[in-house]
Each structure stands twice: as structure tokens, then as C-alpha cells.
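J.: Here you go, sequence then predicted model.
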Amino acid sequence: MRQAVRSLLAAALGLALCGASTLAADPPQAGASLRGLDGKAVGEATFVQGPTGVLIRLELRGVAPGPHGLHLHAVGRCEAADKFQSAGSHIGADGVMHGLLAEEGPHAGDLPNVNVREDGTASVELFTTYVTLRDDEGTFRLLDEDGSALVLHAKADDQMTQPGGGTGDRIACGVLAATE
């Protein structure tokens with residue numbers, strides 16, 4: 001009798017774990033390939049929807065060492081001819097101030113700086129609760145009608161200066177696309 005109960009409990013636990021792993025493996029995801037103004041690939045980003053926000057994994061190479069501002073921009077276009085101005089402004093810039101430290105901010109597209117090593121590479125994970133990949137009402141959706149872009153800037157973001165944190169030129173850009 002005990003053996004039968006143990007077997008039944010083990011089977012139930014196994015089924016529960018299989019169901020949990022299936023749910024965890026199926027969150028909405030997106031990706032972006034970042035290119036510099038010269039058109040060369042400088043990195044990849046993956047975006048994974050979590051229960052309360054989006055996890056961003058970013059890998060960079062061939063970028064000048066030091067801190068760089070990183071933002072989510074409101075339009076999924078990365079035209080080098082206009083120095084990536086085609087990506088528009090930061091997501092959620094209307095009516096709030098720029099910067100993670102701004103009292104009346106931040107924009108939904110504001111992210112922490114990325115520190116690039118001396119060899120020109122960086123590998124980081126960032127998490128933001130201000131955006132979503134789903135159709136959540138009241139949250140800024142990255143995969144909306146006009147898309148979104150991830151933009152890397154020449155300088156660090158001081159997280160307070162208006163309008164863009166003193167980050168300087170847009171040096172790399174990648175358009176987000178849904179992945180499976």
C-alpha cells in the first residue's frame with residue numbers, strides 16, 4: 001500500500017514538474033541584432049517576458065570600452081543614414097522626465113548603463129518592469145504596430161539630465177522581432 005501511494009505521488013509530482021517546465025519554456029520572446037553606423041554587427045539582445053517584466057540579455061563586441069547609455073526606443077527602425085534617429089524617442093517619453101533617478105521619471109525605455117570591457121565586449125542581463133512583450137493593458141508593449149528598437153549610445157547615461165541623460169550619439173541600433 002505504501003509503495004502504491006509513493007508511486008502515485010511520484011507520478012503526480014512528475015506530471016506537475018512537466019507542466020511547470022512547459023509553462024516556463026513558453027514565455028513570449030524577442031530578439032534584436034545591433035549594428036553600428038557602418039553596418040557591422042556589434043551585438044545581439046534577447047528579450048524574455050517574465051511575470052512582472054522583461055529580462056534583457058545583451059552581448060556586445062567591437063564597441064569602445066567604458067560605460068554606454070542603453071535605451072528602448074519607440075519605433076522599430078534603425079536607419080544608419082539618419083544616425084538611428086529613425087528609432088524615435090524613448091518608449092514612454094510623453095509626460096515624464098528622462099532617467100532612472102529622475103523624480104518625475106523615468107521613461108519606460110530608460111535602462112541602466114552597459115560597461116564595455118577593454119577588449120570591446122560586454123555580457124549583461126537587465127530587467128525592466130516598465131515594458132512588456134504581451135498585450136498587457138497599461139504597459140508599454142515592445143512588439144506593437146510600429147515596433148521598438150534597442151539603441152546603444154556613445155556615452156554613459158547620468159540618469160537625470162534632460163532629455164537623454166547626456167549620452168551623446170546613437171552608435172548602434174537593433175530592431176526587436178518576435179522569436180519562438
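T.: Arrived safely.

J.: okay, His90: pLDDT?
T.: pLDDT recorded at His90 is 93.

J.: Setting aside sequence neighbours, what's the nearest residue to it?
T.: Excluding the flanking residues, the one nearest His90 by Cβ to Cβ, 6 or more residues apart in numbering is Gly109, at 3.6 Å. For glycine as for every other residue, the C-beta is placed from the backbone atoms N, C-alpha and C.

J.: in this protein, which spans are helices?
T.: Taking DSSP state H to define them, one finds helices in the chain at 2-25.

J.: Work out which residue lies at the spatial centre of it.
T.: In the chain, the centroid-proximal residue (Cα atoms, centre = their mean) is Ile56; its distance is 4.1 Å.

J.: Return the distance of that one relative to Pro163.
T.: Applying Cβ to Cβ, to the nearest Å, the value for Ile56 to Pro163 is 22 Å.

J.: do Phe47 as well
T.: Applying Cβ to Cβ, the value for Phe47 to Pro163 is 24 Å.

J.: For these two, indicate the residue with more neighbours.
T.: Set Phe47 next to Pro163 and count neighbours by other Cβ atoms under 10 Å: Phe47 wins out with 29 against 12.

J.: Now do the same for that one: its pLDDT.
T.: Looking at Phe47, its pLDDT is 96.
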